[in-house]
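>>> Build me a model from this:
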Amino acid sequence: MSDAIRHSQEDIELWRREGFAIMPEFFSGEEIKPIIADYEQIYGHPNNIANSATQATKGEEKNPLGEFSRDQFQNIDSFPYDGSPEMMMLSLHPSLIAFARDALGVQKVQLYQSHTWAKFTGLTDYEQPFHCDFGNHTLTIPSDKVAERAIDIIVYFTDVTKAHGALHYVNKTDSDALLRPGAIAAPKDEEQLALRSKEKAVTCKAGSFVAHGIDTFHRGTNLTIKNGCRYSMTIGYKATGNDKVSYHVWQAAMGRNWAPIFELASPEQLECLGIPLPGDSHWTSRTLKLTQSRWPNWNMAPYFEQAPKHQ
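Sure thing, here's the model as predicted:
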């Protein structure tokens, strides 16, 4: 087994069948320690958050089945991050790439989403209705073919209990039985209540992740523990060439600090961002020299060495 493989075939089959797979302590404490420090520096420590749990959830009458608000999406940032090398490179970790390849059953995958999210007790009302995420990932709906689907991975850098706003979800076999086979929306109150009767909570230790499909039912919940926080990173992969699914457009973030990515990543990791491998026909004398001038500290030796000889 490759050193990059940290999952089992049972994990893959569970994700394909139920739409959810929880991977306990996939990353070690040492691996995530610098990332936790990054979150505290970027977003603050929960002890410094002034709001209390009661302030955010009292006041006007709330929908008991949850609702969406702009405030729920505070403290989110997208890749590349202004943090440690460990934070910068986690979404391109070889073990995540290996998991995504096996889950989708393809040889090559692309990173199409990566964002951080820091939640704090009392900052806002995080209670949401059950929903699926496909709406802002595709203009159609997820394919019936596994290879044309997408896999979203939520990595947790803090321990998560129900009091820490654990993600609540419903397995696909349950949602199919409760609503209808292949259901991807639950707009009626009775449907929301039915889903709640079968919901499970992602409770886990720091370093764990939950993988889910973008057509699976889940919802956010409130943090209720005093001075609580939940640090997470959402990472999305799709098969290379799957143009039906998208989220971030990395080129649109050209003003962000990409240099560390090029300096730290392997050719295989960069390929997940759409950078052709060494030896690809994209690499000509002109494109090599101009790309090197754009990223002067990127070690492009393998690209120069494997450039096509006849151009």
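>>> so where's the stretch 1-150 of the chain uncertain?
Regions of the stretch 1-150 of the chain meeting the criterion pLDDT under 70 cover residues 1, 48-61.
>>> What segments of it are helices?
Ranges of helices in the stretch 1-150 of the chain, per DSSP state H, counting those that start in this stretch, are 9-18, 29-43, 53-57, 85-89, 94-104.
>>> what inclination does the first one have with respect to helix 94-104?
Angle between the axes of helix 9-18 and helix 94-104 is 50 degrees (criterion: axes from the mean of the first three to the mean of the last three CA atoms, to 10 degrees).
>>> One more: the second one?
Here helix 29-43 runs at an angle of 100 degrees relative to helix 94-104 (the same axes, to 10 degrees).
>>> contact partners of helix 29-43?
With CB atoms under 8 Å, 6 or more residues apart in numbering as the test, helix 29-43 has contacts from 75, 77, 81-84, 86-87, 90, 116, 118, 157-158, 206-207, 231. Bear in mind the C-beta positions are built from the backbone N, C-alpha and C, glycine included.
>>> which of those lies closest to Lys62?
Asn75 (21.0 Å; CB to CB).
>>> Go through the helices of the stretch 1-150 of the chain and pick out the most buried.
Among those, ranked by average contacts under mean count of other CB atoms under 10 Å, first place goes to helix 94-104 (a mean of 21).
>>> quick one: contacts of it?
So helix 94-104 is contacted by 2-7, 9, 11-12, 15-16, 23, 26, 90, 107-109, 146-147, 149, 151, 153, 211, 235, 237-239, 268-269, 272 (CB under 8 Å, 6+ apart).
>>> list the buried ones in stretch 265-272?
Neighbour counts over stretch 265-272 (16 or more other CB atoms under 10 Å) mark Ala265, Pro267, Gln269, Leu270, Glu271, Cys272 as buried.
>>> Closest to Gly66 out of those residues?
Checking the buried residues of stretch 265-272 against Gly66 with CB to CB, the nearest one is Cys272 at 34.1 Å.
>>> for that closest one, what are its contacts?
Leu92, Ile97, Val109, Gln110, Leu111, Tyr237.
>>> Gly165 touches Arg219, doesn't it?
No: Gly165 lies out of contact with Arg219 (CB atoms under 8 Å); the separation is 10.6 Å.
>>> between these two, which one's more packed in?
The residue with more neighbours, out of Gly165 and Arg219, is Gly165; 24 against 20, by other CB atoms under 10 Å.
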